[in-house]
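Asker: Coordinates for the following, if possible.
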Amino acid sequence: MTLTAERAAAPARPGPRPFGLARHSLALARRSVLKTLRTPEQLLDVTLQPIIFVVIYVFLLGGAVSGSTQEYLQFLMPAILVQTVLFGGMATGVNLNTDIKKGVFDRFRSLPIGRAAPLAGSVLGDLIRYLVAIVVLLGFGYALGFRVQTGPLQVLAACLLTVFFSFCVSWAFVLLGVLMREPGGVQGMAFIVLFPLTFGTSMVTPKSTLPGWLQAWLEINPVDHAMQASRALMLGGPAGAAVAWTVVSGLVFLAVFAPLAVAAYRRRT
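Answerer: Now for the predicted structure:
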């Protein structure tokens, strides 16, 4: 049989299936969700931690800042929602680094999947952390007396905007998870990055009470814009500019850190 005849007789290889990267990422996201559900202690940072923060801020600072813990709760809750979800995204980089050290990602390399699928799956799987954080925080806030001043659609928009922004920022933690050698290093570096972004805001005190140099930082701090958007959507007021700032800054985070994380992952693995 000639070479041409052999080629003609050989079964044709199936072509690449459409949306392969999306399917593989969702499959690995399901793995991440199941891993979290089987070890629920991983959710302590998005269940117990936000409750502790609210209690500390409201009952230790509320009287001094607003003169009333109830008024301060109204001021604090939309902003601390953004902080809590951002802190929850930090675990993405820590868990990713742990999986890489354990050799889990070496197994992924032998599978016919996109090289970026394990990273995207980790980020998508951790969306459940954001949802848990939002439900716990809003539920605890309502138990203390927090009340939304707008409507359910605005609250949903505030939650979706917060999740979107945190999803984009989490790619910076993914990059740290790939670059750092130890999970503790990822967590330590993530805290160094998050603290000026989250506490250098109007979260715990009005912007007008801050010194001029800190007010200037708030003007360019994307996290403060996300907090202002959350406040406007939950409590009322103009939200267009803050929402636009949050969306644009989130897209910038995604456009910068997602390609860097994928490139670093390819070099490491």
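
Asker: worst-scoring helix or strand of this structure, pLDDT-wise?
Answerer: helix 3-9 (a mean of 46; mean pLDDT, DSSP states H and E).

Asker: And the next helix or strand past that one?
Answerer: helix 20-38 (DSSP states H and E).

Asker: I'd like the mean pLDDT over that next one, please.
Answerer: For helix 20-38, the mean per-residue pLDDT is 71.

Asker: what packs against the helix or strand that it is followed by?
Answerer: Note on helix 20-38: by DSSP H and E, the next helix or strand toward the C-terminus is helix 44-56. Under the contact criterion of 3 or more Cβ pairs under 8 Å, 6 or more residues apart in numbering; DSSP states H and E, helix 44-56 touches helix 69-102, helix 127-144. (Each C-beta comes from the backbone N, C-alpha and C, glycine too.)

Asker: which stretch in these has the least confidence?
Answerer: helix 69-102 has the lowest average pLDDT among the helices and strands packed on helix 44-56, namely a mean of 86.

Asker: Could I get the buried residue list for whichever strand or helix holds residue 213?
Answerer: Here residue 213 sits within helix 212-220, counting by DSSP H and E. The neighbour-count check on helix 212-220 (16 or more other Cβ atoms under 10 Å) flags 217-218 as buried.

Asker: Now residue 217. Nearest residue, chain neighbours left out?
Answerer: Nearest-residue entry for residue 217: residue 200, 5.6 Å, with adjacent residues in sequence omitted and distances by Cβ to Cβ, 6 or more residues apart in numbering.

Asker: got a list of what residue 165 touches?
Answerer: Counting by Cβ atoms under 8 Å, 6 or more residues apart in numbering, residue 165 makes contact with 82, 86, 222, 226, 246-247, 249-250.

Asker: Just put the helices and strands packed on helix 44-56 in TSV and tack on distance to residue 165 and mean neighbour count.
Answerer: Below are the helices and strands packed on helix 44-56 laid out as TSV (distance: least, Cβ to Cβ, whole Å; neighbours: other Cβ atoms under 10 Å):
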stretch	distance to residue 165	mean neighbour count
helix 69-102	7	23
helix 127-144	10	18
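
Asker: circling back: only the C-alpha atoms, please, for the helix holding residue 213, written as CSV.
Answerer: Extracted as CSV, the C-alpha positions of helix 212-220 are listed here (Å, rounded to 0.1, in the frame of the first residue of the first chain):
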residue,chain,number,x,y,z
GLY,A,212,-4.7,66.7,51.9
TRP,A,213,-2.1,64.2,50.7
LEU,A,214,-4.4,61.3,51.7
GLN,A,215,-7.3,62.9,49.9
ALA,A,216,-5.1,63.1,46.8
TRP,A,217,-4.4,59.4,47.1
LEU,A,218,-8.1,58.7,47.3
GLU,A,219,-8.7,60.4,44.0
ILE,A,220,-6.5,57.8,42.2
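
Asker: how close does the residue nearest to residue 217 get to residue 168?
Answerer: For residue 200, the distance to residue 168 equals 19 Å [Cβ to Cβ, to the nearest Å].

Asker: try residue 41
Answerer: 27 Å.

Asker: Those two: who's more crowded?
Answerer: Under the neighbour definition other Cβ atoms under 10 Å, residue 41 and residue 168 were set side by side, and residue 168 has more, 24 against 8.

Asker: and the helix or strand hosting the more buried one, which residues are buried?
Answerer: Element membership for residue 168 (DSSP H and E) is helix 152-179. Buried positions in helix 152-179, judged by neighbour count with 16+ other Cβ under 10 Å: 154-155, 157-159, 161-179.

Asker: Now find how far off-centre it is within its chain.
Answerer: How far helix 152-179 lies from its chain's middle: 4 Å, per Cα atoms, centre = their mean, to the nearest Å.
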